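> Dropping the sequence and predicted coords here.
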Amino acid sequence: MSISINRRKFLGLSLGLVGSAVFYEGYRLNESTGAVIENSQISNSSTPVNLTWPDNQLMPTFNGPQSLDVATLVGMPEDQQVMFSTLQGLVNRINPQIYLLQDDEEGRLTWLEELGTQYRFFSSPWDLFEVHKDVLRGMVVYDEDMLDTINVATTFSPIYSSIVVSPKLAKEVQSYTSLPVRLSLVGRYNSAIEAYSLSYSQWKKSVSRRIIVGISPQVAVSLPPVDQNPFFGEIGIGGMSIEGPYSYVANPFLRDYCVAVNAFCLWLDPLNASQNDLFGNIISGQEPNSLYMGWFANGSNGGENAGVELCSKNQLRTVASDFCTNLTVFSGVTASITPQKMPAVSSLSNDIYITITFTEGDNLQYNEHRLRVIFDDADRGSIAMNYSIEPLLIEAAPNILEYYLSASTPNDCLIAGPSGAGYIFPNSWPENNLADYLQISAGYLNSIGLNVVNVLNHPQGQYIPLTAQEGLQYESIVNPIGILADWSKMNSVTTLGNNLPVVTGLLASDTVELGLILNEILNSNVATPAFYSIGVIAWNILPTDVVQTLNSIPANSFNVVRADVFFALLRQHLGLSQWV
């Protein structure tokens, strides 16, 4: 079904045009910000609209979508993509009704069609204004010469019930609608630090203390864009580099969710001393066990380690999600979650046991996009492999979690991404409060049937083994059958607590490295039985690549098993108690 509405019909909207220097009755000027504020419609509450968010949930549940208005953003100017993403958040925080299509690698319609929700296509996202005009109170204008104001404007969007626009786009919107400029950030700040510091100081009581969001104001795109993606081209996902030439454009991703949950939106570099200080000051105001969503500046150049360490010290769980789309729809979907079951385990043999794990499971946008491509691979399920996922999928996108659970074959093992429910470094988390993190994580893992945990623990980029106390807490609270610890250049097997096997693994970034690792193991003349964990970089490798690489090794060299079976056999070998 489709509809088409002439945008010039918007002239009939009746909000009363307010120019940037014109004030009408019913509005006032906030002298400290210069904001145009409608007295009866300013939000002073940090509680999102119409969301269910009990204390025992790390993420809110949105209302269930009854029907969806679908439009594509592919090919649109980036400032319009930002605008429509914030419109989506303003609408969906009340009732999820807007679903926006990006050129996602799993397919634009893949998740939409599997929702089973009635939907209609709009020929232009501009037509969404006519249908959802009652939600909007105006516009917040960002400064194109200070692009961090895109994030400041995103923070202000739910407070002002206003879409985020560039100065040029504001004029275009006003030529079609009567939406007023509620706040202009043009020329207001001299630096990113000033923008985030002043906006947080003023509005910290009006933003969520349970979720804070880090989004880059810009995203890298290849030049020229590839044919399949007329706007974004090849995107630098999650801080990963792309081959140039490339340019930077305003980043629309995750802004619907940020708006809907009233999150403070920032982009501060944990490797920059002054920015790191402000970063720490801001997140220290969040509740313990709250979430830091999005990602970190300089993520692939040390920002990940520094950021996760800083968040862990402040008891925030990092949830990588910087390229997520439509979470404001997925979070309201009802799904049937059947916990994963462990298969029967055969007797121990004198074999070289190998378990192979696709990394990146802490990453919600990986779960939404790349993991679906991996699951659609023809050779997935032909041999035993592990796929790490973010346990918070059960709240962020239960429909996506349901798909992975139901589509899994007996050879597919889902495991918890680092280091439980939300990415932390256990060594950096306050020692007296680690049990709280683990207790909450245990509930999520048990609900999904995840009995293997991948634990990363490398502040400053250096692997630190779990302490005896940390191992005992994982064992007694989470009760995994085993822990896959950090990926490194060596394989090691240790036991923590009373009966908890911990294995560090070797990491392959491509099929060449995977082949080298397998041949090195084969030629090591190791005493059997032997146990090796291998991680493969999920961005670069598919199940077919793993199968083909294994087929290049002499037959029957290895016994490749899923992670839970791997640890059950390892327990037999080490004389540990059977896991229950």
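Yep, that arrived. The shown structure was predicted, so the numbers you read here are calculated from the model rather than taken from an experiment. Residues are numbered from 1 along each chain as shown.

> For residue 392, give me the pLDDT.
With respect to pLDDT, residue 392 scores 98.

> from here on, count from 650
Okay, using 650 as the starting number, the last item reads as residue 1041.

> What sits closest to the spatially most central residue of the chain if chain neighbours are left out?
Centroid-nearest residue in the chain: residue 970, 1.7 Å away (criterion: CA atoms, centre = their mean). Closest residue to residue 970 apart from its sequence neighbours, by CB to CB, 6 or more residues apart in numbering: residue 1013 at 4.0 Å. The C-beta positions use only the backbone N, C-alpha and C, and glycine is treated the same way.

> surely that neighbour meets residue 969?
Yes: Residue 1013 is within contact range of residue 969, at 6.4 Å (criterion: CB atoms under 8 Å).

> anything in contact with each of those two?
Among the neighbours of residue 1013, those also in contact with residue 969 (CB atoms under 8 Å, 6 or more residues apart in numbering) are residue 1039.

> dump the residue contacts of the closest residue to residue 713 other than its chain neighbours.
With sequence-adjacent residues excluded and distances taken as CB to CB, 6+ apart, residue 713 is closest to residue 981, at 4.8 Å. By CB under 8 Å, 6+ apart, the residues touching residue 981 are 710, 711, 712, 713, 714, 741, 745.

> Could you pull up the residues touching the third one?
By that I understand residue 712. So residue 712 contacts 699, 700, 743, 744, 745, 981 (CB under 8 Å, 6+ apart).

> again with the second one
When the contact criterion is CB under 8 Å, 6+ apart, the partners of residue 711 are 699, 700, 701, 741, 742, 745, 909, 977, 978, 980, 981.

> One more: the last one?
For residue 745, the contacting residues are 711, 712, 713, 714, 717, 977, 978, 981, by CB under 8 Å, 6+ apart.

> Poorly predicted segments of the protein, please.
Counting by pLDDT under 70, the ranges of the chain that qualify are 650-697, 871-896.

> Dihedrals phi and psi, the residue nearest to the centre of the chain?
Main-chain dihedrals, residue 970, degrees, to the nearest 10: phi -160, psi 20.

> wait, it sits on residue 976?
Yes: between residue 970 and residue 976 a contact is recorded at 7.5 Å, counting by CB under 8 Å.

> Mutual contacts of these two, please.
903, 906, 1013, 1045.

> which residues touch the third one?
This means residue 1013. Residue 1013 neighbours (CB under 8 Å, 6+ apart): 942, 968, 969, 970, 973, 976, 1039, 1041, 1042, 1045, 1046.

> What of the first one?
With contacts taken as CB under 8 Å, 6+ apart, residue 903 has the following neighbours: 862, 864, 942, 943, 970, 971, 972, 973, 976.

> State which strand of the chain is the longest.
strand 1149-1157 (DSSP state E).

> before we move on, back to that, out of the shared contacts of residue 970 and residue 976, which is nearest to residue 1103?
Nearest to residue 1103 among those, counting by CB to CB, is residue 1013 at 15.4 Å.

> Distance check, that closest one against residue 944.
Residue 1013 is 10 Å from residue 944, where distance means CB to CB, to the nearest Å.

> What of residue 1086?
For residue 1086, the distance to residue 944 equals 20 Å [CB to CB].

> Please apply the same query to residue 1192.
Distance from residue 1192 to residue 944, by CB to CB: 26 Å.

> if you count what's nearby, which of the two comes out ahead?
residue 944 (27 against 24; other CB atoms under 10 Å).

> The more buried one is in contact with residue 862, isn't it?
No: using CB under 8 Å, residue 944 makes no contact with residue 862, being 9.7 Å away.

> Let's see if you can find the most crowded of the contacts of residue 903.
residue 943 (32 neighbours).

> hmm, which of the contacts of residue 711 are the buried ones?
700, 741, 742, 745, 909, 977, 978, 980, 981 (16 or more other CB atoms under 10 Å).

> Please state the backbone phi and psi of the fourth one?
I take that to be residue 745. Dihedral angles (degrees, to the nearest 10) for residue 745: phi -60, psi 110.

> Now it: closest residue in space that isn't a chain neighbour?
In space, and not counting its chain neighbours, residue 745 is closest to residue 714: 4.1 Å by CB to CB, 6+ apart.

> just residue 1042 next, same as before
residue 1050 (4.0 Å).

> in the helix or strand encompassing the one you found, what counts as buried?
Using DSSP states H and E, residue 1050 sits in helix 1047-1056. Going by neighbour count (16+ other CB under 10 Å), the buried part of helix 1047-1056 is 1047, 1048, 1049, 1050, 1051, 1052, 1053, 1054.

> Count the residues that sit near the residue lying closest to residue 1139 once chain neighbours are set aside.
With CB to CB, 6+ apart as the criterion, residue 1139 has its nearest non-adjacent residue at 6.9 Å, and that residue is residue 1153. Neighbour count for residue 1153, taken as other CB under 10 Å: 22.

> Equivalent analysis for residue 1037, please.
28.

> Equivalent analysis for residue 960, please.
30.

> CA atoms only for whichever strand or helix holds it, dumped as PDB, please.
Using DSSP H and E, residue 960 sits in helix 952-962. The C-alpha coordinates for helix 952-962 follow below in PDB (Å, rounded to 0.1, in the frame of the first residue of the first chain):
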ATOM      1  CA  GLY A 952      39.400   4.700  22.000                       C
ATOM      2  CA  GLU A 953      37.600   1.400  22.600                       C
ATOM      3  CA  ASN A 954      39.900   0.300  25.400                       C
ATOM      4  CA  ALA A 955      40.000   3.700  27.000                       C
ATOM      5  CA  GLY A 956      36.300   4.200  26.600                       C
ATOM      6  CA  VAL A 957      35.200   0.900  28.000                       C
ATOM      7  CA  GLU A 958      37.700   1.300  30.900                       C
ATOM      8  CA  LEU A 959      36.300   4.700  31.700                       C
ATOM      9  CA  CYS A 960      32.700   3.500  31.500                       C
ATOM     10  CA  SER A 961      33.500   0.400  33.600                       C
ATOM     11  CA  LYS A 962      35.100   2.500  36.300                       C
END
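
> Which strands or helices does that helix pack on?
Under the contact definition 3 or more CB pairs under 8 Å, 6 or more residues apart in numbering; DSSP states H and E, helix 952-962 sits against helix 922-932, strand 965-969.

> how big is the angle separating that helix from strand 965-969?
Helix 952-962 runs at 150 degrees relative to strand 965-969, counting by axes from the mean of the first three to the mean of the last three CA atoms, to 10 degrees.

> got the angle for helix 952-962 vs helix 922-932?
Following the same axes, to 10 degrees, one obtains 40 degrees for the angle between helix 952-962 and helix 922-932.
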